[in-house]
Structure formats: C-alpha cells, structure tokens
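> I need the structure of the sequence given here:
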Amino acid sequence: MAKIIILNLKGFFSNHTPLLKIFLLLGLLFLSFFLHHLLALGVVSLLFDNGFDLFFRYDLTSQTSVNILKIIQFFSATGTFITPLILYGYLTNFQYGFKTYFSRQAVLLSIGIVLLIAPIVSFLIEFNMSINFPTWMLKFDKDSEVIVLAFLKMDSFIDLLVNLTVMAIIPAIGEELFFRGFVQKNIHRFLRNSHVAIIITSILFSLIHFHLNGLIPRFILGCVLGYMFYWTKSLWVPIIAHFTNNALAIIISYPYLKSFDIVQNFNHYSETDLPQTANSAIIFSLFSVGILLYLLFRNSKQIDGNQN
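Numbering: from 1, shown residues only. Okay, here's the model as predicted:
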C-alpha cells in the first residue's frame, strides 16, 4: 500500500504553478532540516554519554565535542541540501542533470582545472584579506575559522576518512545539487541568460559559506563549477571537481594540522601566515586553466554534436 502511494506521488506536482512549487520546496526544506536535526540528536545521544547536553553546547578543545559537531554537520548538510532536493525532484519531475552523459575527458579536464587553479585561489585569498571589513564581521569570520580548524585537526587515518565524507563528499553532492542543479537552472530558465545565471548563483554560493576571506576565490570557483555544468549539462562533472577541491584541502591539512593545538595556537594563527603566491605560479595557473577550460568547452561541444 505504502509503495503504491509513493509511486503515485512521483511527478504529482509537475504541472502545478511555480509559486506552489516554491512553497513545496520551502516546506520540504523546513521539514527535512528539522527531522535531520532530530536524527542527529538521537545519534549523538546514543553514541556519547551526556550526548543530549553536549548537542546544545560545544567546546572546541574537546575532541568529543568536535566529533559531535561533525555528526551535526553531516545531518545538517544532508537535511538542507540533499534530502529535500531529491524529494522535490521526485514530486515535480525536476531534472538536475544526473542522467546526462558525460565523457571521461570532461572529468579529467575538470579535475585538472581544480588542481591547477590553486595558485589563483591563493592569490585571491591574499587580495581578499586586504579588504577592510567591519570589526563585527571579522569577529564572526574568526569564530567560523576556528571551527574549521578544529574539524581539520586529524589524529588518525580514520579522522581523515571522516573529514573526507563530512567536508568533501557531502558538500560536493549537496551544494552542487542545490546551487548548480537547482538554483542555476531555474535562474537560467527565468532570465534566459546562462552567464548571468552562473554569476548570480556563484555570488549566492560564496555568500552562504559565511567566510569573508573566501568571498572572492569562492565566487571564482563557483563560476568555474557553473560553466562546467553549463557546458557538460551533467551535474556529476562539477560534483567531482568540487569534491577534488575540498579533498585536496583536507589531505594537505592532514600532516600540517595534525599536532595543531586549538587553544594555544589559534590566536596566533592567521591565513596571512601562509606563504605568498609567486607571480610565476599565478601566470602559469592562468595560462593552464584557460587552456583546460577551452578544451572542456570544445569537448562538450563535440559530444553535443555527436548526440545530435
């Protein structure tokens, strides 16, 4: 009986008005977010002593508290980006781009772009940090930065695998599903301009991370991921590229922050401590990324021509 009801709900809202679909998505987001946090609370309460109390207060000097935050982050990201969007797609027959064919060359090119764009990103972080933001915004940014550092402090290979799941796999699938698969496609459908859709989506993508020092580089990364999706029409390509970007940062952090003491070192730590990017590396990065983007564009056009 339940199976019949579920099957009958497939595409049930496909012919309804856009306004009703917006309310449907908002309802699914709220319900999913609430239920996933209840699940997180249940898991934390089962796995940890005093888990219920620790769920509502955290101490970043405690590894137990950090582990609980990772569990909350897992359920929060899944409940915000993945579950409601999958349900919305099922109920409205909305196509995100999972079924679109993509070539192995497109995946390899996208991974190469993400790897070679690192010097540009580093330079943009340096430029971003030279901008004078209000003090209260910098305080909020510092608070979020310490949480990220606490997450990235890994004492074992298991911690590395957990972080790859929580900070690379889930964000790559969820954020690309939401921003490229849903937001960018709908803005494009409404404005009939793919470039404007990519720019607007990338701005939203950058702002939602609440990290001032990453505003500009994350916007550029969002544009790159947006064009990957626009050219290939497959959501898997930006998902793989997004995962590669996050996974690379996590793997690099593994030996660097393994012995990092949050209490003693954080107040003295700053992203300005990182070495400045050499001009030659930036020029090489611009040149190589430009070539790979062009090759990805040509590859996508060739596939479109073969399919037509």
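
> can you pull the contacts of Gly226?
The contact partners of Gly226, by Cβ atoms under 8 Å, 6 or more residues apart in numbering, come to 180, 184, 197-198, 201-202, 238. Quick note: C-beta positions are derived from backbone N, CA and C, even for glycine.

> low-confidence ranges in the chain?
With pLDDT under 70 as the threshold, the chain has low-confidence stretches at 1-8, 136-138, 140-141, 143, 257-278, 304-308.

> Quickly list the domain ranges of it.
1-94, 96-308 (automatic domain parsing).

> which residues sit against the helix or strand harbouring Val237?
Element membership for Val237 (DSSP states H and E) is helix 236-256. Residues outside helix 236-256 that contact it (Cβ under 8 Å, 6+ apart): 97-98, 102, 106-107, 110-111, 113-115, 118, 152, 154, 160, 163-164, 167-169, 171-173, 175-177, 180, 221, 224-226, 228-229.

> and if we set it to 6 Å?
102, 106-107, 110-111, 114, 152, 154, 160, 163-164, 167-168, 172-173, 176, 180, 225, 228-229 (Cβ atoms under 6 Å, 6 or more residues apart in numbering).

> for stretch 281-295, same thing?
By Cβ under 6 Å, 6+ apart, stretch 281-295 touches 109, 112-113, 116-117, 119-120, 123.

> buried stuff in it?
Applying a neighbour-count criterion of 16 or more other Cβ atoms under 10 Å, one finds 285, 288-289, 292-293, 295 buried in stretch 281-295.

> Quick one: mark the members of those that sit in helices.
Cross-referencing these against helices under DSSP state H gives 285, 288-289, 292-293, 295.

> Which two of those residues have the greatest separation?
Greatest spatial distance among these (Cβ to Cβ): Ser285 and Leu295, at 15.6 Å.

> The closest residue to Phe33 other than its chain neighbours and Phe52: what is the separation?
Using Cβ to Cβ, 6 or more residues apart in numbering and skipping the chain neighbours, the partner closest in space to Phe33 is Gly79 (4.9 Å). Distance of Gly79 to Phe52, given as Cβ to Cβ, to the nearest Å: 19 Å.

> who has more neighbours, those two?
The neighbour comparison of Gly79 against Phe52 (other Cβ atoms under 10 Å) goes to Gly79, with 22 against 12.

> my read: the more buried one touches Leu31, true?
No. With contact defined as Cβ atoms under 6 Å, Gly79 does not reach Leu31; the gap is 9.1 Å.

> what does stretch 157-170 rub up against?
The contact list for stretch 157-170 (Cβ under 6 Å, 6+ apart) reads 70, 73-74, 77, 154, 243, 246-247, 250, 254.

> ok, those residues vs His188, which is closest?
For the contacts of stretch 157-170, the nearest to His188 is Phe243 (23.6 Å; Cβ to Cβ).

> mind checking how far the closest one is from Glu175?
Phe243 sits 10 Å away from Glu175, going by Cβ to Cβ.

> Spatially nearest residue to Phe229 (excluding sequence neighbours)?
Per Cβ to Cβ, 6+ apart, closest to Phe229 is Arg180, 4.3 Å.
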